[in-house]
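Novice: Sequence and predicted structure below; questions after.
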Amino acid sequence: AGLYFSAAVKPDGTVWTWGRNYYGQLGDGTALHNELAHTITPTQVPGLCDMTAIAAGWESTLAVKSDGTVWAWGRNDHYQLGDGTTNDRSTPAQIAGVNGIVAVAVGDRHSLALKNDGTVWAWGEGGVGALGDGTDTDRPTPIQVPGLINVIAIAAGAFHSIALKGDGTVWAWGNNLRGQLGIGSQADQSSPVHVSSLTNVIAVGAGQAHSLAVESDGTAWAWGQNNYGQIGDGGSAGDRILPSSVQGISNVASIPGGIEFSSIALKDDGTVWTWGNNHLGALGDGTTTTRLIPVQIPGPSSAVAVAEGGYHGLALENDGTLRAWGWNAHGQV
């Protein structure tokens, strides 16, 4: 789920997108920078096949092919497509210099890729240290994040990044104004730092300025910006600079975060839970009431993957059907 658009990969390796398309983030080749451009039903992205993973960011999209190559399209004003230019793209292009990729993540102005050897690669805007290379320098093409090895999962917030290592430790870097790095301070970090209060983590996620993690016992943790209760600890006043326990939920399997001040979690029983900002029905619980702790949303009961975008959410059921809810002004539902 992107900012105001959605994307999916089918089992046959084709990619489908729908919603807002001003920056070409749908990848369908239509004219760029048309304020009215959108697609209200899923449309296949031409020229892409054998794709295995996709990530929809604020206004750009990345997809991974079965051969480990990465393809990108959409907004590119800060090099977030990694093609060495700042030209927006309405059709997918392969990113040179990265291969063996198994997962991707997209922030507002930066992108991440996880390689099959456990290394992490980054490109785009380097301000506030979002790329993790020890500088604030923009990178028009992918560079390896120094010092990170044995990584098994990645997540990107608006201007910060999260990595999970195989030993269950969490590492974070980039913007920390709202405490989204979880290190007990609000100082930005241009290199990965250990989130020392977490152990045995199995999944991570990132929202606009907050972060999330699941430990091996199914407990969920969140930290960072909390103006809408997106941390889920029952309080709405004040950011959390250290991980705080998400209340009222257990047996969590994944917790990807949400772009617009909300959070979403998938439990191991296939139910979907949401909390935080509920503007325009973003949480899918049948109301527009802000939720300070997780609530189960009606409908999905056998979900295997979830995502929360710009005031809308998605849940993939185990039979391959897709459920959507929330704001639909651009057809993103």
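Specialist: Thanks, I have it.
Novice: And the strands in the stretch 51-200 of the chain, which stretches?
Specialist: 51-56, 60-65, 70-74, 89-94, 101-106, 110-115, 120-124, 139-144, 151-156, 160-165, 170-174, 189-194 (DSSP state E, counting those that start in this stretch).
Novice: do the stretch 201-333 of the chain as well
Specialist: Using DSSP E, counting those that start in this stretch, the strands of the stretch 201-333 of the chain run over residues 201-206, 210-215, 220-224, 240-245, 252-254, 262-267, 272-276, 291-296, 303-308, 312-317, 322-326.
Novice: Any idea how far apart the tips of stretch 98-109 sit?
Specialist: This stretch, stretch 98-109, spans 19 Å end to end (Cα to Cα, to the nearest Å).
Novice: I should have written stretch 207-220 there, sorry.
Specialist: 15 Å.
Novice: Can you list the buried residues in that stretch?
Specialist: Judged by neighbour count (16 or more other Cβ atoms under 10 Å), stretch 207-220 contains these buried residues: Gly207, Gln208, Ala209, His210, Ser211, Leu212, Ala213, Val214, Glu215, Ala220. C-betas here are computed from N, CA, C, even on glycine.
Novice: residue contacts, the nearest residue to the fourth one once chain neighbours are set aside?
Specialist: For His210, ignoring the flanking residues on the chain, the nearest one in space by Cβ to Cβ, 6 or more residues apart in numbering is Gly224 at 3.3 Å. With contacts defined as Cβ atoms under 8 Å, 6 or more residues apart in numbering, the neighbours of Gly224 are 157, 178-182, 207, 209-211, 231, 239-240.
Novice: How about Gln332?
Specialist: Counting by Cβ under 8 Å, 6+ apart, Gln332 has contacts 1-2, 4-6, 18-20, 309-310, 312, 324, 326.
Novice: burial count for Ser250?
Specialist: Close neighbours of Ser250, defined as other Cβ atoms under 10 Å, add up to 11.
Novice: what does Asn175 give?
Specialist: By other Cβ under 10 Å, the burial measure for Asn175, its neighbour count, is 23.
Novice: Next one: it from Phe159, what distance?
Specialist: 4 Å (Cβ to Cβ, to the nearest Å).
Novice: okay, and the common contacts of these two?
Specialist: Common neighbours of Asn175 and Phe159 (Cβ under 8 Å, 6+ apart) are Val128, Ala130, Ala209.
Novice: can the residues you listed go into a markdown table with extra columns for pLDDT?
Specialist: Converted to a markdown table, the shared contacts of Asn175 and Phe159 look like this (pLDDT from 0 to 100):
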| residue | pLDDT |
| --- | --- |
| Val128 | 97 |
| Ala130 | 98 |
| Ala209 | 98 |
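Novice: any idea which of these is closest to His110?
Specialist: Ala130 (4.6 Å; Cβ to Cβ).
Novice: which non-adjacent residue is nearest the closest one?
Specialist: Ala130 sits nearest to Gly174 (Cβ to Cβ, 6+ apart), 4.0 Å away.
Novice: what's the burial count for Ala31?
Specialist: Neighbourhood size, Ala31 [other Cβ under 10 Å]: 9.
Novice: right, I mislabeled it, should have said Glu35
Specialist: With neighbours defined by other Cβ under 10 Å, the count for Glu35 comes to 7.
Novice: ditto for Leu36
Specialist: Leu36, neighbours per other Cβ under 10 Å, totals 8.
Novice: helix, strand or coil for it?
Specialist: coil (DSSP: H, G, I helix; E, B strand; the rest coil).
Novice: Next, work out how far apart it and Ala209 are.
Specialist: Taken as Cβ to Cβ, the span from Leu36 to Ala209 is 30 Å.
Novice: will you turn the strands of the stretch 51-200 of the chain into CSV that also has distance to Leu32, mean pLDDT and mean neighbour count?
Specialist: Shown next, in CSV, are those (distance: least, Cβ to Cβ, whole Å; pLDDT from 0 to 100; neighbours: other Cβ atoms under 10 Å):
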stretch, distance to Leu32, mean pLDDT, mean neighbour count
strand 51-56, 18, 98, 21
strand 60-65, 13, 98, 26
strand 70-74, 10, 98, 26
strand 89-94, 5, 98, 19
strand 101-106, 18, 98, 23
strand 110-115, 19, 98, 27
strand 120-124, 19, 98, 27
strand 139-144, 19, 98, 19
strand 151-156, 23, 98, 23
strand 160-165, 28, 98, 26
strand 170-174, 28, 98, 26
strand 189-194, 32, 98, 19
